[in-house]
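return atomic coordinates for the entry below.
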Amino acid sequence: MPADVEQMLSMLSAHRSVLGYILLSRGEQVSIIRHSGVVFEGDHGKKYAAVIRRIVESVQTGLEEVSGEENEGDNIKFMRIRTKRHELMISPDHRYLLAVLHDPGIE
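This is a model prediction of the structure:
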């Protein structure tokens, strides 16, 4: 993994409001490349990985339907999903999906 990515993941982990991050591969079969935080451990992490992939694919499909062009229209750069307790931030890339879960109540 490139040093700049390692440094960014390290900074994310150090932030006190961050509950964890998960870095996923893109492709037919989503796989967890790396994760931090107990929320992404074991089967729970696998569930998050599958859901994150579905969210990104669903939003991208919606954008393509609206623009009328497949992969030529808008592409997702960053998504934020906020619930009562947490905020999930997703940053898709052509090779990876990075998701960070944090508690917005912690400053």
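
lowest-scoring secondary structure element of this structure by mean pLDDT?
Every helix and strand of the chain was ranked by mean pLDDT, DSSP states H and E. The lowest is helix 3-14, at a mean of 84.

can you give me the buried ones in it?
9, 12 (16 or more other CB atoms under 10 Å). The way it works is simple: take the backbone N, C-alpha and C, and place the C-beta from them, glycine included.

so what pLDDT did the nearest residue to Val30 once chain neighbours are set aside get?
Distances taken as CB to CB, 6 or more residues apart in numbering place Arg53 nearest to Val30, at 4.6 Å, with adjacent residues excluded. At Arg53, the pLDDT value in this model is 94.

so where do the helices sit in the protein?
Using DSSP state H, the helices of the chain run over 3-14, 42-67.

could I get the ones you listed in CSV, plus columns for distance to Phe78?
Below are those laid out as CSV (distance: least, CB to CB, whole Å):
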stretch, distance to Phe78
helix 3-14, 14
helix 42-67, 11
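
between the ones you listed, which gets nearest to Lys77?
Closest approach to Lys77 among the helices of the chain (CB to CB): helix 42-67, 11.0 Å.

for that closest one, the distance to its chain's centre please.
Relative to its parent chain, helix 42-67 has a centroid offset of 9 Å by CA atoms, centre = their mean, to the nearest Å.

what's that helix packed up against?
Packing contacts for helix 42-67, counted by 3 or more CB pairs under 8 Å, 6 or more residues apart in numbering; DSSP states H and E, involve strand 18-25, strand 32-36, strand 79-82, strand 87-92, strand 96-102.

tabulate the ones you listed (TSV), appending mean neighbour count.
Below are those laid out as TSV (neighbours: other CB atoms under 10 Å):
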stretch	mean neighbour count
strand 18-25	21
strand 32-36	16
strand 79-82	12
strand 87-92	18
strand 96-102	20
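
turn those into CSV, including distance to Glu64 and mean pLDDT.
CSV is the format used below for the helices and strands packed on helix 42-67 (distance: least, CB to CB, whole Å; pLDDT from 0 to 100):
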stretch, distance to Glu64, mean pLDDT
strand 18-25, 21, 94
strand 32-36, 26, 93
strand 79-82, 15, 96
strand 87-92, 14, 95
strand 96-102, 18, 94
